[in-house]
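Peer 1: Next comes the sequence, and after it the predicted model I'd like to discuss.
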Amino acid sequence: MTETPGIPEAAPTPDSASEPAPAPSPGPGPSGSDPRQALGAVRTEVSRAVVGQDQVLTGLVIALLCRGHVLLEGVPGTAKTLLARSVSAALNLEFSRVQFTPDLMPGDVTGSLVYDAKTAAFSFRAGPVFTNLMLADEINRTPPKTQSALLEAMEERQVTVDGEARPLPDPFLVIATQNPIEYAGTYPLPEAQLDRFLLKLPVDLPAREAEIDVVRRHASGFDPRDLAQAGLKAVAGVEDLDRARSAVRQVQVSDAVTGYIVDLCRATREAASTSVGASPRGATALMNTARAWAWMRGGDFVTPDDVKALAQWTLGHRIQMRAEAELEGVTVTSVLNAVLAAVPVPR
C-alpha cells in the first residue's frame, strides 16, 4: 500500500492566497489581462467558500496549468467536493459530478448509444465526462471495469464509442476523491490509472483557527450547496487559463535541471525498498509541475527547489513499495526524502 505523500514544505501557498483579500477580485479578465493576476483572483474567490485548504488549491491550479488530473485523498468532511465546485465556479467552467458506486457502468461515465424509436436509429447520448471539470467522487468504490473507462478520457481527452472517437471539451480536468481510512467495499486504483493522475494531493483536516472559521460561517447561514448565496462568482475564464498556460510554456528548463529531474526518477526505480519507481511519464509530469510552480511564484526559469517542492505530490503515487519494506515501516514519503537528499543538486 502506498502512503499518501505529505504536503511539500518547500511549496508554500503564494502570498496572494495566504491571506485572502476580503474584497472581490475583478470579473472575468478582459483580453490582455495579466494571467497570473487572474489566477490569483480565482484563489481569492475560492476562499469565500473554502477555508484552510490553500495548498490543495495550489495543486489544483497547477493541474489546470499543466492540463493534468488530480487525485484528492482525505477523510469525509474536508471540503473536497466544495473545493472542486468552487474552482469551477470561479473559472466559469462547466462542472459535473459522478458518485462512483459498485453498480456504476462504463457507459454511465462516458455515454452510450441510445435507440431512437422515432428515427429508427441509434444516437449518442454524452455522459458526464463531456464537461470541463468532472468530479469523480469516491472513485475507488467502483470496480476496475468502470474505473478503466476513464483511462482514454484522461490520457487522450476523447471517448471512443462504437469505433468513433469523440473529443472532450477543452479544458478538461478530472478531480477524483477517495477516503484513506475506509476500505470496505472499495477497489484499489490500478497502477496504470494512478499514473494518469498528474498529482495526488492529501486533503488534511484544517487547523483549529480555520475550523473555527468554518463553524462560524455555517452559523452565519453559509450553505455549501449554494455558492451564489456565498457571494462566489466567476472572476476568470478559459481565455485567462489559456494565456496562463502559454506563459508557463515560456518558463525555461535548463539541461542541468532536466538531468536532475531524470536522476530523481531513476533513483526511485533503483531504491531497494521499491518494486516500481517513477516512469518517464513521471519525469515529464515533474518537469511540468515544477515549471507551473516556478511561473506561479513569478520565476522565469525552473530551479532545483521548484523540482523538490513538487516531487512528493507528483511522484508519490507512482511509486510502489516492496512488501517487506512496508512491513519494516518504510514509506513512499521516506523513500522520496532519501532520494531528494542523495541525488546531487545542480549548481
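Peer 2: Received the coordinates, thanks.
Peer 1: hang on, residue 142 packs against residue 104?
Peer 2: Yes: if you go by CB atoms under 8 Å, residue 142 and residue 104 touch, sitting 4.7 Å apart. Yep, even glycine has a C-beta here, placed from its N, CA and C like the rest.
Peer 1: Between these two, tell me which one has more neighbours.
Peer 2: Taking other CB atoms under 10 Å, residue 142 and residue 104 do not tie; residue 142 has more neighbours (25 against 19).
Peer 1: roughly how far apart are the nearest residue to that one once chain neighbours are set aside and residue 86?
Peer 2: Closest residue to residue 142 apart from its sequence neighbours, by CB to CB, 6 or more residues apart in numbering: residue 100 at 4.0 Å. Distance check for residue 100 against residue 86: by CB to CB, to the nearest Å, it reads 21 Å.
Peer 1: What ranges does the stretch 151-300 of the chain have for its helices?
Peer 2: All helices of the stretch 151-300 of the chain, identified by DSSP state H, counting those that start in this stretch, fall at 191-194, 208-219, 238-249, 255-270, 280-296.
Peer 1: tell me the most buried of the ones you listed?
Peer 2: Stretch with highest mean neighbour count among the helices of the stretch 151-300 of the chain: helix 280-296 (a mean of 23; mean count of other CB atoms under 10 Å).
Peer 1: Let me see the mean pLDDT of that one.
Peer 2: Averaging pLDDT along helix 280-296 gives 96.
Peer 1: Can you name the residues that contact the residue most central in space within the chain?
Peer 2: Geometric centre of the chain, nearest residue: residue 70, 2.3 Å, by CA atoms, centre = their mean. Contacts for residue 70 (CB atoms under 8 Å, 6 or more residues apart in numbering) come out as 59-60, 63, 173-176, 197-201.
Peer 1: Now the phi/psi pair for residue 95, please.
Peer 2: Main-chain torsions, residue 95, degrees, to the nearest 10: phi -130, psi 140.
Peer 1: returning to what we had before: show the backbone phi and psi for the residue nearest to the centre of the chain.
Peer 2: Per-residue torsions, residue 70: phi -130, psi 140 (degrees, to the nearest 10).
Peer 1: can you tell me how far it sits from residue 285?
Peer 2: In this structure, residue 70 and residue 285 are 12 Å apart, going by CB to CB.
Peer 1: Name the residues contacting each of these two.
Peer 2: Listed contacts common to residue 70 and residue 285 are residue 198; contacts here mean CB under 8 Å, 6+ apart.
Peer 1: Read off the pLDDT value for residue 222.
Peer 2: So, for residue 222, pLDDT stands at 86.
Peer 1: Now it: closest residue in space that isn't a chain neighbour?
Peer 2: Closest residue in space to residue 222, ignoring its immediate chain neighbours: residue 230 at 5.9 Å, by CB to CB, 6+ apart.
Peer 1: try residue 45
Peer 2: For residue 45, ignoring the flanking residues on the chain, the nearest one in space by CB to CB, 6+ apart is residue 90 at 4.3 Å.
Peer 1: ok, and what's touching stretch 139-157?
Peer 2: With CB under 8 Å, 6+ apart, stretch 139-157 has contacts from 69, 71, 100-102, 104-110, 129, 136, 158-160, 165, 167-168, 170, 172, 174, 176-179, 185-190, 192-193, 196-197.
Peer 1: Which elements pack onto the helix or strand hosting residue 61?
Peer 2: For residue 61, the host element (DSSP states H and E) is helix 54-66. Helix 54-66 is packed against helix 15-18, helix 35-46, strand 70-73, helix 80-90, strand 173-178, strand 199-202, helix 238-249, helix 280-296, with contacts defined by 3 or more CB pairs under 8 Å, 6 or more residues apart in numbering; DSSP states H and E.
Peer 1: Which among these is found nearest to residue 223?
Peer 2: Ranking these by proximity to residue 223 (CB to CB) places helix 80-90 first, at 10.7 Å.
Peer 1: pLDDT score for residue 9?
Peer 2: For residue 9, the model assigns a pLDDT of 40.
Peer 1: Check residue 1 too.
Peer 2: At residue 1, pLDDT is 40.
Peer 1: likewise residue 33?
Peer 2: We have a pLDDT of 69 for residue 33.
Peer 1: quick revisit: over to the residue nearest to residue 222: give its phi and psi.
Peer 2: Backbone torsions for residue 230, taken as degrees, to the nearest 10, come to phi -80, psi 0.
Peer 1: I'd guessed residue 281 sits against residue 198; true?
Peer 2: No: the pair residue 281 and residue 198 fails to qualify as a contact (CB under 8 Å) at a distance of 9.8 Å.
Peer 1: Next, count neighbours for residue 109.
Peer 2: For residue 109, the count of nearby residues is 23 (other CB under 10 Å).
Peer 1: Now do the same contact list for it.
Peer 2: Contacts for residue 109 (CB under 8 Å, 6+ apart) come out as 98, 127-129, 146, 149-150.
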